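A.B. asks: here is my input; please provide its structure:
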Amino acid sequence: MVEILSDYELDKMRAAGKLVAKILRELEKEAKPGVSTKYLDDVAQRIIKEAGGSAPCVGYGNPPFPAAICTSINDEVVHGIPTDDIILKDGDIITCDVVAELDGFCGDAARTFLIGNVDEKTKLLVQRTKEAFFKGLEQVKIGNRIGDVSHAVQEYAESFGYGVVRVLTGHGIGREMHMEPDVPNYGKPGRGPRIVKGMAFCVEPMINMGTEKVLLCDDEWTIVTADGKPSAHYENTIIITENGPEMTTFEEE
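C.D. replies: Predicted coordinates:
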């Protein structure tokens, strides 16, 4: 069942989203050649702790995820595990996917950052993945359906010949980080739950330069592109108010 939040609860979502936005702003500053992904996780954990929040990703799933954020580099689509051994280098791209809980409610967002001198094709992939999110956002309107959002993301990304990951989707969010409804990045318009005031969900295009197909690594978390080509990711938490959609995790960039 899709949970419908009260105005009071939507305010709680705003606060959690603001915390996630702050974390991503700091991670973008710190993500540069020579930095380990564990250091980035430490930055995120410090900010969450200082805010009095918690990191729902820590201990989530089976096997338990060991970190607060996911750090996915180059051909890693999602769920990369931060470690001291993984050091960013010039030309990399890294997706930082951040979930934070504050006062009982969650915010969730992801950004793919450019590390140093990134080649033009990969820069375009990152830019167009973000643009695909905003194409989807245009369809986030009271009365529309989730499928309208999904279709807009897919149509835009595939117009460039990119692969749209299908086995991973956006999701509802609120008291938990993953709730109903699923929000795919592909599909037909006019399908899925209708968008109504009080809903909260994440739209998150995961777009590959090559094939849409992905593989699960031996760590049972990290998901990579099947052809080894780069992947980009862009996500925000969206709440539906009487005035329409509001991104709780977005700051002007």
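
A.B. asks: what's the pLDDT at the nearest residue to Thr71 once chain neighbours are set aside?
C.D. replies: Counting by C-beta to C-beta, 6 or more residues apart in numbering, Thr71 lies nearest to Thr37, which is 4.0 Å off, once chain neighbours are set aside. Glycine gets a C-beta too; all of them are placed from N, C-alpha and C. Note on Thr37: pLDDT of 98.

A.B. asks: now do the strands in this protein.
C.D. replies: Assigned by DSSP state E, the strands in the chain fall at 69-73, 76-78, 93-102, 105-114, 163-164, 170-172, 179-183, 200-203, 206-208, 214-216, 223-225, 231-233, 236-241, 244-247.

A.B. asks: mind giving me the packing neighbours of the fourth one?
C.D. replies: Spelled out, that is strand 105-114. Packing partners of strand 105-114 (3 or more C-beta pairs under 8 Å, 6 or more residues apart in numbering; DSSP states H and E): helix 7-30, strand 93-102, helix 120-137, strand 231-233, strand 236-241.

A.B. asks: just the first one next, same as before
C.D. replies: Judged by 3+ C-beta pairs under 8 Å, 6+ apart, strand 69-73 is in contact with helix 37-51, strand 93-102.

A.B. asks: quick check: pLDDT value at Glu251.
C.D. replies: We have a pLDDT of 86 for Glu251.

A.B. asks: where does the stretch 1-150 of the chain have low pLDDT?
C.D. replies: Within the stretch 1-150 of the chain, no stretch has pLDDT under 70.

A.B. asks: again with the stretch 151-253 of the chain
C.D. replies: Applying pLDDT under 70 to the stretch 151-253 of the chain flags the ranges 253.

A.B. asks: what about 90?
C.D. replies: The model of the stretch 151-253 of the chain has pLDDT under 90 over residues 251-253.

A.B. asks: hang on, the earlier thing: Thr112 is nearest to which of the helices and strands packed on strand 69-73?
C.D. replies: Relative to Thr112, the nearest member of the helices and strands packed on strand 69-73 by C-beta to C-beta is strand 93-102, separated by 4.5 Å.

A.B. asks: taking strand 105-114 as reference, get the angle to that closest one.
C.D. replies: Angle of strand 93-102 versus strand 105-114, following axes from the mean of the first three to the mean of the last three C-alpha atoms, to 10 degrees, is 170 degrees.

A.B. asks: now for strand 93-102, which elements pack on it?
C.D. replies: Counting by 3+ C-beta pairs under 8 Å, 6+ apart, strand 93-102 packs on helix 7-30, helix 37-51, strand 69-73, strand 76-78, strand 105-114, strand 231-233.
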